[in-house]
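Asks: predicted model and sequence below, questions to follow.
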Amino acid sequence: MGIEENINVAGLESIIESNPSVDWSTIDLGKKSTRELVDFGEIDSNEAIKLVKAYQRIVRMLGEEDLEVAKSLLLVNVHSSIQVAAMSKDVFLEKCKSAFKNKDDGYALKVFKKAKAIRSQILLNYINSIQKNELHIKQLKVH
């Protein structure tokens, strides 16, 4: 899902409403057996997977108590902590002010800081993974 691609929030809501027993924060739609259990309605399964993954990324950043804010962020085309962290604070606050209209003033800033922390953790994990697979590390391992 590209950063500039609009997110079909109405389609996402339709999928969620059609499957009330599904835990959307943890479901893995990468598995064919799981996809077969979900009713996507008239939405193409590939599109539905993209929608659910975007929703999951936002819910991980916000927590499950802020599902309406998550949908509001998707409406303004914000769908990941990495995307948020790539914005300046002022750009994020301006772009997303409608998503936080029912929250206190500091809430949006807390979300922004959490997105930065998530991005930092992802980068550290990535660097650690690369370093573990470097040739000199492999040669030092005892078999």
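Replies: Sure, I can see it. These numbers were taken from a predicted model, which means no experiment stands behind them.
Asks: show me what contacts Val111?
Replies: Shown in contact with Val111 (Cβ atoms under 8 Å, 6 or more residues apart in numbering): 61-62, 84, 100. (Glycine included, C-beta is placed from N, CA and C.)
Asks: next: Ser72.
Replies: 96, 98-100.
Asks: at 6 Å instead, please
Replies: Ala99 (Cβ atoms under 6 Å, 6 or more residues apart in numbering).
Asks: can you tell me the helix or strand for it?
Replies: For Ser72, the host element (DSSP states H and E) is helix 67-75.
Asks: and Tyr107, by the same measure?
Replies: Element membership of Tyr107 [criterion: DSSP H and E] is helix 105-132.
Asks: okay, the angle between that helix and helix 67-75?
Replies: Between the axis of helix 105-132 and that of helix 67-75 there is an angle of 70 degrees, by axes from the mean of the first three to the mean of the last three Cα atoms, to 10 degrees.
Asks: so which bits of helix 105-132 are buried?
Replies: Within helix 105-132, the residues that count as buried by 16 or more other Cβ atoms under 10 Å are 108, 111-112, 114-116, 118-119.
Asks: report the central residue of the chain.
Replies: Per Cα atoms, centre = their mean, the C-alpha nearest to the average position across the chain is that of Arg57, at 1.4 Å.
Asks: apart from its chain neighbours, what residue comes closest to it?
Replies: If the residues on either side of it in the chain are set aside, Arg57 comes closest to Ser80, at 4.4 Å by Cβ to Cβ, 6 or more residues apart in numbering.
Asks: quick check: pLDDT value at that neighbour.
Replies: Looking at Ser80, its pLDDT is 92.
Asks: and for Ile3?
Replies: pLDDT at Ile3 comes out at 47.
Asks: could you do Val142 as well?
Replies: 57.
Asks: let me see the contact set for Ser14.
Replies: Gly41.
Asks: now do the end-to-end distance for stretch 96-104.
Replies: Start and end residues of stretch 96-104 are separated by 14 Å (Cα to Cα, to the nearest Å).
Asks: which positions in that stretch come out as buried?
Replies: Neighbour counts over stretch 96-104 (16+ other Cβ under 10 Å) mark 96, 99-100 as buried.
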